[in-house]
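Asks: Structure, please.
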Amino acid sequence: MSEPTTHNESYTDTPEGAARMNVESFNLDHTKVRAPFVRVADRKTLPGGDVLVKYDVRFCQPNVEHLDMKAVHSIEHLTAELMRNHTDRLIDWGPMGCQTGFYALTLGLEPEEFEPLLQAAFEDVLSATEVPAANEVQCGWGANHSLEAAQEAVRAFLAKRDEWDVVIPGADD
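Replies: Here you go, the predicted structure:
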């Protein structure tokens, strides 16, 4: 059996005979990936020269497991707030509709810069005592949060830190 190959860049391949879709993740074979992982899902150079780098931060194995919605919502709030204590280059942090992970949109953060920031933010999540803005004034569903569920999911993700760079085990470069 071959050793796992690491992939930090987008790893999509349209199945033979299938039309390429506009959404990058729709071209990713979700049956081949192994969560947890962190991968570059997209990279765009803007007219002024700035580069946007979008990350797929996948917590759960697609079509096998998913995060509880209260955990998703709380990880969204916590990470969006706490990662900005470590960088001013996070543009957005948002959940995937499938509830298996999150997307991070950054201003030019390369994987070797992004992953330590993600780890630092997640360590902050573990020491948090409350979910920021978890109230009806600052959130559209303020009652839908669980600090404990968020911390449990983040703790499990951090425990597999050495696996983040392996998206598709055994894939060739």
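Asks: I'd like the next helix or strand past the strand or helix carrying Glu113.
Replies: In the assignment (DSSP states H and E), Glu113 maps to helix 111-127. Downstream of helix 111-127, the next assigned helix or strand under DSSP H and E is helix 147-159.
Asks: tell me the mean pLDDT over that next one?
Replies: Helix 147-159 shows a mean pLDDT of 99.
Asks: Show me which positions of it end up buried.
Replies: Leu147, Ala149, Ala150, Gln151, Ala153, Val154, Phe157, Leu158 (16 or more other C-beta atoms under 10 Å). (C-beta placed from N, C-alpha, C; glycine too.)
Asks: Output the helix holding Glu113 in PDB with nothing but the alpha carbons.
Replies: Provided in PDB are the C-alpha atoms of helix 111-127 (Å, rounded to 0.1, in the frame of the first residue of the first chain):
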ATOM      1  CA  PRO A 111      -0.900  27.000   4.000                       C
ATOM      2  CA  GLU A 112       2.300  27.300   6.000                       C
ATOM      3  CA  GLU A 113       0.900  30.600   7.400                       C
ATOM      4  CA  PHE A 114      -2.700  29.600   7.700                       C
ATOM      5  CA  GLU A 115      -2.400  26.300   9.500                       C
ATOM      6  CA  PRO A 116      -0.600  27.700  12.500                       C
ATOM      7  CA  LEU A 117      -3.200  30.500  12.700                       C
ATOM      8  CA  LEU A 118      -6.000  28.000  12.600                       C
ATOM      9  CA  GLN A 119      -4.300  26.000  15.300                       C
ATOM     10  CA  ALA A 120      -3.900  29.100  17.500                       C
ATOM     11  CA  ALA A 121      -7.500  30.100  17.000                       C
ATOM     12  CA  PHE A 122      -8.700  26.600  17.800                       C
ATOM     13  CA  GLU A 123      -6.600  26.500  21.000                       C
ATOM     14  CA  ASP A 124      -8.300  29.800  21.900                       C
ATOM     15  CA  VAL A 125     -11.700  28.100  21.300                       C
ATOM     16  CA  LEU A 126     -10.700  25.500  23.900                       C
ATOM     17  CA  SER A 127     -10.100  28.100  26.500                       C
END
